[in-house]
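**Q** how would this look folded up:
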Amino acid sequence: MKKIAIAVVLSVVAVPAVASDMYVGVRAGQAKTSIDNNTFNNSTLTSTNPTGWGLLIGSIFNPNFSVEAEYLNLGEIKAGTGSAKSTGFSLSGVGSIPLNEQFSLFGKVGYALITGKPGGSFTGSDIKSRAFTYGVGGQLNLGSSVGIRLGWDKYKFNDAGLNGNASLTSVGAIFKF
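**A** Take a look at the predicted model:
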């Protein structure tokens, strides 16, 4: 996982040589997670709406395409006396449709690595999973270097480590440099 995270960060840091713009951002909102019950000892999840957040860095290639890398925290889910915290990294291509100078719509498609950390009565090692991710949203530019985003992202994981999906509805800020 660390090697992949380093590769993602290095690839995004190397992008400025060919990209016209870079940005960083932060977002927070409501995460919703649905896990296959077999993943956590056939337990029923009792809390699936934790607060989630993300830190991202992106590179704009043109007004219609950018690439984003993001650290995600999808919160904690609970089942009885057990719990699991979900974090991850994602890399996505972002397509934008500027409607005018102040507002644009966007869509995202990418890949994420999600880690579930068992806690409480759930024991064992971390559960690592690959996830296909996609999302949609809108961005309001408050000037040439600051934007506000409203977005919805979905993470679908289905492999030997973890089966299920998560979504994050969020509001965030983007800072271009």
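
**Q** For the rest of this, base every contact and every neighbour count on C-alpha atoms.
**A** Noted.

**Q** low pLDDT regions in this structure?
**A** Across the chain, residues meeting the criterion (pLDDT under 70) sit at 1-20, 35-49, 120-125, 159-163.

**Q** Quick check, central residue of it?
**A** Leu72 (4.9 Å; C-alpha atoms, centre = their mean).

**Q** right, and that residue touches Ala31 too?
**A** No. Counting by C-alpha atoms under 8 Å, Leu72 stays clear of Ala31, with 10.7 Å between them.

**Q** which neighbours do those two share?
**A** Gly52 (C-alpha atoms under 8 Å, 6 or more residues apart in numbering).

**Q** What are the boundaries of the helices in this structure?
**A** Assigned by DSSP state H, the helices in the chain fall at 2-14.

**Q** Kindly state the beta-bridge partners for Glu76.
**A** Going by DSSP bridges, Glu76 is paired in beta bridges with Lys85.

**Q** list the contacts for it?
**A** By C-alpha under 8 Å, 6+ apart, the contact set of Glu76 is Thr48, Pro50, Ser83, Ala84, Lys85, Ser86.

**Q** Put together JSON lines for the residues you listed, with distance to Ser170 and neighbour count on each row.
**A** Shown next, in JSON lines, are those (distance: C-alpha to C-alpha, whole Å; neighbours: other C-alpha atoms under 10 Å):
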{"residue": "Thr48", "distance to Ser170": "16", "neighbour count": "18"}
{"residue": "Pro50", "distance to Ser170": "12", "neighbour count": "19"}
{"residue": "Ser83", "distance to Ser170": "23", "neighbour count": "21"}
{"residue": "Ala84", "distance to Ser170": "21", "neighbour count": "22"}
{"residue": "Lys85", "distance to Ser170": "18", "neighbour count": "17"}
{"residue": "Ser86", "distance to Ser170": "16", "neighbour count": "21"}
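
**Q** ok, of those residues, which one's closest to Gly137?
**A** Pro50 (20.4 Å; C-alpha to C-alpha).

**Q** what sits against the closest one?
**A** So Pro50 contacts Gln30, Ala31, Lys32, Leu74, Gly75, Glu76, Ile77 (C-alpha under 8 Å, 6+ apart).
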